[in-house]
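Asks: Need a 3D model of the sequence below.
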Amino acid sequence: MIDLGSIHRPLTELEVKLEANRCLYCYDAPCMNACPTHIDVASFIAKIAQGNLRGSARDILSANPMGASCARVCPTSELCEGACVYAKDDSPIRIGDLQRYATDALRASGEQLFVPGPATGKKVAIVGGGPAGLSAARDLRLRGHAVTIYEMHDRLGGLNTYGIVPFRLANDVALWEAEYVVQLGVDVETGVEVGVDIPIDALLQDHDAVILACGMGGVPSLGIEGEAYAWDALDFIEHVKTGRRIGELGDRVAVIGAGNTAIDALTCAKRLGAERVTMYYRRGEEQMTAYDFEYAFAKDEGIEFRFFCAPVRIGDGDVTFVRTRIRDGRLETIAGSEFTEAASAVISAVGQSRLEHTLNAFGIVTDGGVVRVDDALRTSRAGVFAAGDCIYAKGRREAMVVEAAEQGKLAARSVDAFLRAEAA
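Replies: Numbers count the residues shown, from 1 in each chain. Coordinates of the predicted model:
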């Protein structure tokens, strides 16, 4: 496997002490309130300052079972660090780095901090072994319920394992996090597709509750001539993450799209040796869906950006675009504005498709492929709950690992309440 390096520099002992002792332990804890999983930041930092790394890691993972991954991929500048009282002076406490330090110490120790609760005799199926599914599985086991995760891939972790570039989140971290949950007695069925290898009716009949945490599918079709020449961005990242051959990218790589996955594809191609890597987006810079820190990172990596252009044809070695504009709030193409750019490789990163066929087979209500849930993450079918990217809807929820972890916790609480009400 090619070593693409890491963007995370380990903290020195001096840096750890300096950062940990800067914390003011604010009574209103703006950092904790800004964290979707509500990690007690002041408490875990205080324990680091005291040399109690075990207790610090317990604080982190008790609130966020995906705490090791989130220490690497969370948009901390927009969450905990952005809320830090020092942020106004552009010197927030390096909360993400300290969180990584504590969880890395736990990984090195090999210690398991949690134990399953007394058995309840209830069985829960979780469809999908990504952050939401793993988070739900952990909390359900702590409550004593039997849990089986059904995962289509060969390994657990979802996008943490397969869809986030290795220099941002290494596989050994994602797989450790998954195994840490499995150690609590979670049963796992990998390499199986629910609805194909396992009948949905049988799944519902054999379990007392089901949580859908199956995320989304691959990149949708561009609907243009020659798109067979283009990589699916998620496939591309998966190949790199798992060490599979990707072939020669050449010197000019074009990535279509402007979200976080597009940024990952862009920076990954650059680190793989492509001389010129360019993002093409049909809208403007203000409409990019990538986080600001991701955009800044891509700029630092030497990525080029082209806005207001949409692909109309992909050839063997080039891409033809048409210029676009926004008029009266609507996107439109500009007649006669086509232009062609050389491209030795093209990567499509225009979002993810929805698993509508599988979701509909559960007999639940969806809105355009998005599972409809209430505030307790209950679907329209009794005993079936949902969490993670399968309930993600732009403008209503964020597609972040930390959000998925929190939704997994909430789904576990709701399932637990449902099962205990049934047993009463």
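Asks: a helix runs through L24, doesn't it?
Replies: No: L24 is assigned coil when assessed by DSSP: H, G, I helix; E, B strand; the rest coil, not a helix.
Asks: Show the pLDDT at it.
Replies: pLDDT for L24: 94.
Asks: And the nearest residue to it once chain neighbours are set aside, how far from V41?
Replies: Leaving aside its chain neighbours, L24 sits nearest to V85 (6.5 Å; criterion: Cβ to Cβ, 6 or more residues apart in numbering). C-beta here means a position set from N, CA and C on the backbone, and glycine is covered the same way. Plainly put, V85 is 12 Å away from V41 if you go by Cβ to Cβ, to the nearest Å.
Asks: Name the residue in these two with the higher neighbour count.
Replies: Neighbours per residue (other Cβ atoms under 10 Å) separate V85 from V41, with V41 holding more: 29 against 14.
Asks: Show the backbone phi and psi for that one.
Replies: Here is the backbone geometry of V41 (degrees, to the nearest 10): phi -60, psi -50.
Asks: how about the nearest residue to it once chain neighbours are set aside, secondary structure?
Replies: Spatial nearest neighbour of V41, chain neighbours left out: C31 (4.3 Å); criterion: Cβ to Cβ, 6+ apart. Assigned by three-state DSSP, the conformation of C31 is helix.
Asks: Nearest residue to V365 in space, please, no chain neighbours.
Replies: Leaving aside its sequence neighbours, V365 sits nearest to S380 (Cβ to Cβ, 6+ apart; 4.1 Å).
Asks: which residues touch the one you found?
Replies: By Cβ atoms under 8 Å, 6 or more residues apart in numbering, the contact set of S380 is I364, V365, R372.
Asks: do that again at 10 Å, thanks
Replies: Contacts of S380 were listed using Cβ atoms under 10 Å, 6 or more residues apart in numbering, and they are F362, G363, I364, V365, T366, V371, R372, V373, D374.
Asks: V173 too?
Replies: 8, 68-69, 71-73, 100, 103-104, 107, 157, 160-161, 166.
Asks: what do you get if the cut-off is 8 Å, keeping everything else the same?
Replies: V173 makes contacts with A68, S69, R72, R107, N160, as judged by Cβ under 8 Å, 6+ apart.
Asks: quick revisit: is the residue nearest to L24 in contact with A29, as I believe?
Replies: No: taking Cβ atoms under 8 Å as the definition, V85 is not a contact partner of A29, at 10.4 Å.
Asks: tally of neighbours for the closest residue to T289 other than its chain neighbours?
Replies: Spatial nearest neighbour of T289, excluding adjacent residues (Cβ to Cβ, 6+ apart): G259 at 4.4 Å. Neighbour count for G259, taken as other Cβ under 10 Å: 20.
Asks: Show me which positions of the lengthiest helix in the chain end up buried.
Replies: If you go by DSSP state H, the chain has its longest helix at helix 401-423. Using 16 or more other Cβ atoms under 10 Å as the test for burial, helix 401-423 gives 401-416, 418-419.
Asks: following whichever helix or strand V173 is part of, which helix or strand comes up?
Replies: Element membership of V173, judged by DSSP states H and E, is helix 171-182. Sequence order places strand 187-190 as the next helix or strand after helix 171-182, per DSSP H and E.
Asks: quick revisit: isn't the residue nearest to V41 up against T76?
Replies: No: between C31 and T76 there is no contact under Cβ under 8 Å: 9.4 Å.
Asks: which neighbours do those two share?
Replies: Joint contacts of C31 and T76 (Cβ under 8 Å, 6+ apart) are I95.
Asks: now the most far-flung residue of the chain relative to its centre: how far from L142?
Replies: Within the chain, the residue lying farthest from the chain centre (Cα atoms, centre = their mean) is G336, at 39.8 Å. According to Cβ to Cβ, G336 stands 63 Å off from L142.
Asks: Likewise for R372?
Replies: In this view, R372 and L142 are 28 Å apart by Cβ to Cβ.
Asks: Can you give me the buried ones in the strand or helix carrying F236?
Replies: Per DSSP H and E: F236 is located in helix 233-242. For helix 233-242, a neighbour-count test (16+ other Cβ under 10 Å) marks A233, L234, D235, F236, I237, E238, H239, V240, K241 as buried.
Asks: Just name the closest of the residues you listed to R138, please.
Replies: Among these, K241 lies closest to R138 (Cβ to Cβ), at 23.2 Å.
Asks: residue contacts, the closest one?
Replies: So K241 contacts T161, Y162, G163, I164, V165, P166, N171 (Cβ under 8 Å, 6+ apart).
Asks: Please tell me the pLDDT value assigned to it.
Replies: Looking at K241, its pLDDT stands at 91.
Asks: Partner strands of whichever helix or strand comes after the helix holding F236 and their direction?
Replies: Using DSSP H and E, the helix or strand that follows helix 233-242 in sequence is strand 252-256. Here strand 252-256 has these sheet partners by DSSP bridges: strand 276-281 (parallel), strand 345-348 (parallel).
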